[in-house]
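**Student:** Predicted model and sequence follow; I will ask about them next.
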Amino acid sequence: MPKGVWTYAHLDPSQEQELKQAEQAVGDGVLIAFSETPITTSDLTQEQLDKVHDAEKKLGVTLVAVRKS
């Protein structure tokens, strides 16, 4: 199974309209559209991984290391 990263979806106008209609059905909730983008993750050394984890803690985010195409 290919790996992927979930990102905000790029919707065309008709898809945006469908999303708005679905959102109205939710009431006071908000729907956020995501799509999976196939990528190849980077193989990191333990030292590199530790640096990424440190950056995640400092930034308060999740980081994903991917290979440049």
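**Tutor:** Nice, I can see it.
**Student:** can you list the domains in this protein?
**Tutor:** 1-38, 40-69 (automatic domain parsing).
**Student:** Could you tell me the average pLDDT over the first one, please?
**Tutor:** Summarised as a single mean, pLDDT over domain 1-38 is 88.
**Student:** Tell me which residues of that domain come out buried.
**Tutor:** By neighbour count on 16 or more other Cβ atoms under 10 Å, the buried set for domain 1-38 is empty. Where C-beta positions appear, they are placed from N, C-alpha and C, glycine not excepted.
**Student:** mind listing the strands for this protein?
**Tutor:** Along the chain, the stretches classed as strands by DSSP state E are 4-8, 34-38.
**Student:** Those strands into TSV, with extra columns for distance to Leu59?
**Tutor:** As requested, the strands of the chain are arranged in TSV below (distance: least, Cβ to Cβ, whole Å):
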stretch	distance to Leu59
strand 4-8	17
strand 34-38	20
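**Student:** Which one of those lies nearest to Val64?
**Tutor:** Smallest distance to Val64 across the strands of the chain (Cβ to Cβ): 5.5 Å, for strand 4-8.
**Student:** Which strands border the closest one, and is each parallel or antiparallel?
**Tutor:** Each strand paired with strand 4-8, and its direction, by DSSP bridges: strand 34-38 (antiparallel).
**Student:** In this structure Ile39 contacts Gly4, no?
**Tutor:** Yes. Using Cβ atoms under 8 Å, Ile39 is in contact with Gly4, at 6.2 Å.
**Student:** list residues touching both of the two?
**Tutor:** In terms of Cβ atoms under 8 Å, 6 or more residues apart in numbering, Ile39 and Gly4 are not both contacted by any residue.
**Student:** follow-up on the earlier one: tell me which of the strands of the chain sits nearest to Leu63.
**Tutor:** When the strands of the chain are compared (using Cβ to Cβ), the closest one is strand 4-8, at 10.8 Å.
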